[in-house]
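[1] Below are the sequence and a predicted model for it; my questions follow.
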Amino acid sequence: MVHGPCGIINPNAPCMKDGECSKQFPKAFREETEENVNGYPVCKRRCIEPVRVGKHYIDNRWIVSYNPWLSKKYNAHINVEVCASVKSVEYLYKYVYKGHDTASITLKNDDSVNHDEILNFLDGRYVSAPEAMWRLKGQENEAVERASIKYTTLTAWFKLNLIDEEAHEYYYADIPQYYVFDKPSTKWQKRQRGGQQVIGRMAVVSVQDSERFYLRMLLLRKTGVISFNDLKTVDGTSCETFQEACKVLGLLDGDQHWHDTLLEGARMPSYLRILFAIICGFGEVENIPDLWTQHKQSLSEDFVHRYSEETGPFYALAELNELLNMA
């Protein structure tokens, strides 16, 4: 399999971005293969005499990694690479759970003053076949089942703290390790065995949904809570909001809670950059450069993969700047 050619030979090739090949061709000649713990290995490429293909001479620098058996079996061009990094797992999940087809569009009109988000959504909405099937199915049974639940896992935890003093020792996220939620009775019941293998997980909340975001923050740091009002009570004084309670407890001092938010939200870099922009735009961040420095690798991972370790972070910063200007 031959790439291109591109570069100076063919500057209009589809792979060319900003005057360079986005696939980093032509590769360099190498006497041996070098493993790369952060991604693809650098393969051995012997310097042999070039051969003429069409108008151009091609050598080993232009050969794409492939598997002869797969190419023969499927009679197709199949690029095969070895990627030893555990980070590749997130891309597997991305493709399995990416959902129905979507497309991002931006409508710009310099003469327009009013920005109607609802109208823009209606005008730009696209319902694909998979989404239409999902919506037509309705999932009515699931909706009825959820509506009939008397207690949620959270309100059941409040009730548990009223009747079981031992539960006061555990945070809400740790409760599944010691108790099991019985759906028919909507109650937490003491676990008899197997708790060591259980991991509790709390749903991620957007920073823009401020009250639920700070409610979640309190749940991660308070025990023995018996009600929502008790959750936002500090030293006997009931605060007006969950955010105020967090401030009184000193949970918002410094930027540690923003670092924790980025670490919890770490998934695909593109989504993480949006989260970073939201935090900078809507949160009270004391040291934005430090926040960027500590999470630069996660924020620019896809650009580093596409370009290089040196230029990738600059592309990430450029996109963050664009996101912040749109906010």
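    All right, it came through fine.
[2] SS state for Ile199?
    Here Ile199 is recorded as coil under DSSP: H, G, I helix; E, B strand; the rest coil.
[3] Identify the residues contacting it.
    Pro176, Gln177 (CB atoms under 8 Å, 6 or more residues apart in numbering). Where C-beta positions appear, they are placed from N, C-alpha and C, glycine not excepted.
[4] Tell me how far it lies from Val234.
    As for Ile199, its distance to Val234 is 29 Å (criterion: CB to CB, to the nearest Å).
[5] do the same with Gln256
    19 Å.
[6] go on, Leu160?
    From Leu160 to Val234 the distance is 22 Å (CB to CB).
[7] repeat for Leu262
    26 Å.
[8] cool, and Tyr95?
    Distance from Tyr95 to Val234, by CB to CB: 45 Å.
[9] Name the residue in those two with the higher neighbour count.
    Between Tyr95 and Val234, counting by other CB atoms under 10 Å, Val234 is the more crowded of the two (17 against 7).
[10] what's the closest non-adjacent residue to the more buried one?
    Val248 (4.5 Å; CB to CB, 6 or more residues apart in numbering).
[11] From Pro289, how far out is that neighbour?
    Taking CB to CB, one finds Val248 at 28 Å from Pro289.
[12] Now Cys6, what are its backbone angles?
    phi -140, psi -160 (degrees, to the nearest 10).
[13] Setting aside sequence neighbours, what's the nearest residue to it?
    Ala13 (3.6 Å).
[14] and the one you found, what is it in contact with?
    Gly4, Pro5, Cys6, Gly7, Cys21 are the contacts of Ala13 under CB under 8 Å, 6+ apart.
[15] give the contact list for the third one.
    Put plainly, it is Cys6. Ala13, Cys15, Met16, Cys21, Phe25.
[16] Mind doing that once more with 10 Å?
    Cys6 sits next to Asn12, Ala13, Pro14, Cys15, Met16, Glu20, Cys21, Ser22, Lys23, Phe25, Pro26, Trp62 when contact means CB atoms under 10 Å, 6 or more residues apart in numbering.
[17] mind checking which helix or strand the first one is in?
    Translated: Asn12. Under DSSP states H and E, no helix or strand contains Asn12.
[18] gap between Glu244 and Arg135?
    According to CB to CB, Glu244 stands 39 Å off from Arg135.
[19] Wait, Thr155 touches Leu231, no?
    No. Thr155 is beyond contact range of Leu231, at 11.4 Å (criterion: CB atoms under 10 Å).
[20] These two - which one has more neighbours?
    Each of Thr155 and Leu231 has its neighbours counted (other CB under 10 Å); Leu231 has more, 20 against 14.
[21] How about the contacts made by the more buried one?
    Taking CB under 10 Å, 6+ apart, we find Leu231 in contact with Leu154, Phe158, Tyr172, Leu215, Leu218, Leu219, Lys222, Val225, Ser238, Cys239, Phe242, Ala245.
[22] Touching, the third one and Lys222? I think so.
    If I follow you right, that is Tyr172. Yes. Using CB under 10 Å, Tyr172 is in contact with Lys222, at 8.2 Å.
[23] If you count surrounding residues, which of these two has more?
    Remark: of Tyr172 and Lys222, Tyr172 carries more neighbours, 23 against 17, as counted by other CB under 10 Å.
[24] Quick check: the gap between that one and Arg46.
    According to CB to CB, Tyr172 stands 60 Å off from Arg46.
[25] try Lys72
    Distance of Lys72 to Arg46, computed by CB to CB: 23 Å.
[26] before we move on, what about Leu218?
    Noted for Leu218: a distance of 62 Å to Arg46, by CB to CB.
[27] how near is Phe213 to Ile274?
    15 Å.
[28] Which helix or which strand is home to the residue lying closest to Ser227 once chain neighbours are set aside?
    Spatially, and ignoring its direct neighbours in sequence, Ser227 is nearest to Phe158 (5.6 Å; CB to CB, 6+ apart). Element membership for Phe158, per DSSP H and E: helix 153-163.
[29] Quick one: list the elements packing against the helix or strand following that helix.
    Beyond helix 153-163 in the direction of the C-terminus, DSSP H and E gives the next helix or strand as helix 175-178. If contacts are counted by 3 or more CB pairs under 10 Å, 6 or more residues apart in numbering; DSSP states H and E, helix 175-178 sits against helix 153-163, strand 187-190.
[30] Let me know which of these is the nearest to Asp209.
    Closest to Asp209 of those, according to CB to CB: helix 153-163, at 15.5 Å.
[31] Tell me the buried residues in that closest one?
    Neighbour counts over helix 153-163 (16 or more other CB atoms under 10 Å) mark Thr153, Ala156, Trp157, Phe158, Lys159, Leu160, Asn161 as buried.
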